[in-house]
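**Student:** sequence first, then the predicted structure:
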Amino acid sequence: MPYVLVEEAVDIIPVIKKYIQILQEYESNGKEEKETVIERFTTFDYWYYFDKISVFNDLNCIFIPNKFLGYQNHATEPYNTTSGCGADGGRAKKALDPFFKIIEDGKRKEVLENFQKFAEECRHKKKNSKLFDIFEPRDDLRKLIEEENLNKTINKKTKAIIIKGNRGK
């Protein structure tokens, strides 16, 4: 089946959910079995930063590569990066451009530090951080993420779900 690019912000939400599921399965199996999207971590040039979503302990964010995030099919089909699969990183980035903005210079250092921690959690080291770009959601997508309660973390010790920013309200 050919891959279908995301067209609207709502198309991105199931893809984020699928990626969170992949990371949670990776974390729960002791980081032994890797999905292709984690195995090929160092091959991606465009990353999308989501703060307030936590899968790994002590890291309050996740990063998703554009070639995964830019296609609706990844929410329902196994991720496949083999030659001829129809997924194209350049097309995926163009499809995502309306929903994301590049991380600003003042924030970039902190985000890159978090990216390095995320990479280590995935048992990778991403080198030459100046050679890839990191983007964050624009306000309309950020609002959808909050409405879907994706800004949650799972406490590994108690398995309790904690909703960020909603305490005491």
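**Tutor:** The structure has been received and is ready for your questions.
**Student:** tell me where the model's unsure across this structure.
**Tutor:** By pLDDT under 70, the low-scoring segments of the chain are 1, 31-43, 74-87, 125-131, 151-169.
**Student:** what ranges does it have for its strands?
**Tutor:** Remark: strands assigned in the chain by DSSP state E are 46-51, 61-65, 100-102, 133-137, 152-154, 161-163.
**Student:** what's the closest of those to Gly90?
**Tutor:** strand 46-51 (9.2 Å; Cβ to Cβ). Glycine gets a C-beta too; all of them are placed from N, C-alpha and C.
**Student:** counting by contacts, list what the closest one packs against.
**Tutor:** Using 3 or more Cβ pairs under 8 Å, 6 or more residues apart in numbering; DSSP states H and E as the contact criterion, the secondary-structure elements in contact with strand 46-51 are strand 61-65, helix 66-69, helix 89-96, helix 105-121, strand 133-137.
**Student:** and Ile103, how far from Tyr49?
**Tutor:** 6 Å (Cβ to Cβ, to the nearest Å).
**Student:** okay, and the common contacts of those two?
**Tutor:** Counting by Cβ atoms under 8 Å, 6 or more residues apart in numbering, the residues touching both Ile103 and Tyr49 are 111, 134-136.
**Student:** of the residues you listed, grab the buried ones for PyMOL.
**Tutor:** Selecting only the buried entries of the shared contacts of Ile103 and Tyr49 in PyMOL, with 16 or more other Cβ atoms under 10 Å as the criterion:
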select buried, resi 111+134+135+136
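**Student:** next, the buried residues of the lengthiest helix in the chain.
**Tutor:** In the chain, with assignment by DSSP state H, the single longest helix is helix 9-28. Judged by neighbour count (16+ other Cβ under 10 Å), helix 9-28 contains these buried residues: 9, 11-13, 15-16, 18-20, 22-23, 26-27.
**Student:** what's the neighbour count on Asp133?
**Tutor:** Asp133 is flanked by 15 other residues according to other Cβ atoms under 10 Å.
**Student:** what sits against it?
**Tutor:** Contact criterion Cβ under 8 Å, 6+ apart gives 45-47, 102-103 as the residues in contact with Asp133.
**Student:** rerun at 10 Å
**Tutor:** With Cβ atoms under 10 Å, 6 or more residues apart in numbering as the criterion, the residues that contact Asp133 are 45-48, 66, 93, 100, 102-103, 108.
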